[in-house]
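only geometry, no sequence info:
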């Protein structure tokens, strides 16, 4: 599954296929909804978030985070949940840079809440942070 992320990113960066791999991720997400497999659905959302962050598509990443909800509950390993949390904080901070007014404050608040969560993990000695 990690190969899909890398292939999609390389294709988009080289300009070979603008919609590279979107069908694969949408198909995987649709099949997880049918099978009620929340862990796989959360993992596919993390993969999509990574692709959005690699391509600096901050608005799409924020929309994905908000639509996915709290997927840390369904992630199978702590390393994946830490990676998702880090990407979530980065997404909110970068989206706040391009926003103004109330949206900027809201994005920064979400980012600081996520950063506080990461700091708590580091303080408690989580080896994945």
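Ah, there it is. In this text, all values refer to a predicted model and were calculated from it rather than measured experimentally. Residues are numbered from 1 along each chain as shown.

where does this structure have low pLDDT?
Scanning the chain for pLDDT under 70 picks out 1-35, 37.

what ranges do the helices span in it?
Applying DSSP state H to the chain gives helices spanning 2-14, 22-35, 38-54, 58-68, 78-97, 102-123.

now the ones you listed as CSV including distance to residue 129 and mean neighbour count?
Heads up, the C-betas are built off the backbone N, CA and C, glycines and all. Shown next, in CSV, are these (distance: least, CB to CB, whole Å; neighbours: other CB atoms under 10 Å):
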stretch, distance to residue 129, mean neighbour count
helix 2-14, 20, 14
helix 22-35, 27, 13
helix 38-54, 16, 20
helix 58-68, 19, 17
helix 78-97, 6, 19
helix 102-123, 5, 14
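
Please name the residues that touch the residue nearest to residue 91 when sequence neighbours are not counted.
Of all residues not flanking residue 91 in the chain, residue 61 sits nearest, at 4.3 Å (CB to CB, 6 or more residues apart in numbering). Applying CB atoms under 8 Å, 6 or more residues apart in numbering to residue 61 gives the contacts 49, 52, 53, 87, 91, 95.

was I right about residue 104 contacting residue 94?
No: using CB atoms under 8 Å, residue 104 is not in contact with residue 94; the gap is 11.7 Å.

in the chain, which residue is closest to the centre?
residue 49 (3.0 Å; CA atoms, centre = their mean).

I'd say it and residue 84 touch.
Yes: applying CB under 8 Å as the test, residue 49 and residue 84 come out as touching, 6.8 Å apart.

Could I get the phi/psi values of residue 70?
Backbone torsions of residue 70, given as degrees, to the nearest 10, read phi -90, psi 90.

Point me to the residue sitting farthest from the middle of the chain.
Residue farthest from the centre of the chain, counting by CA atoms, centre = their mean, is residue 101 at 24.4 Å.
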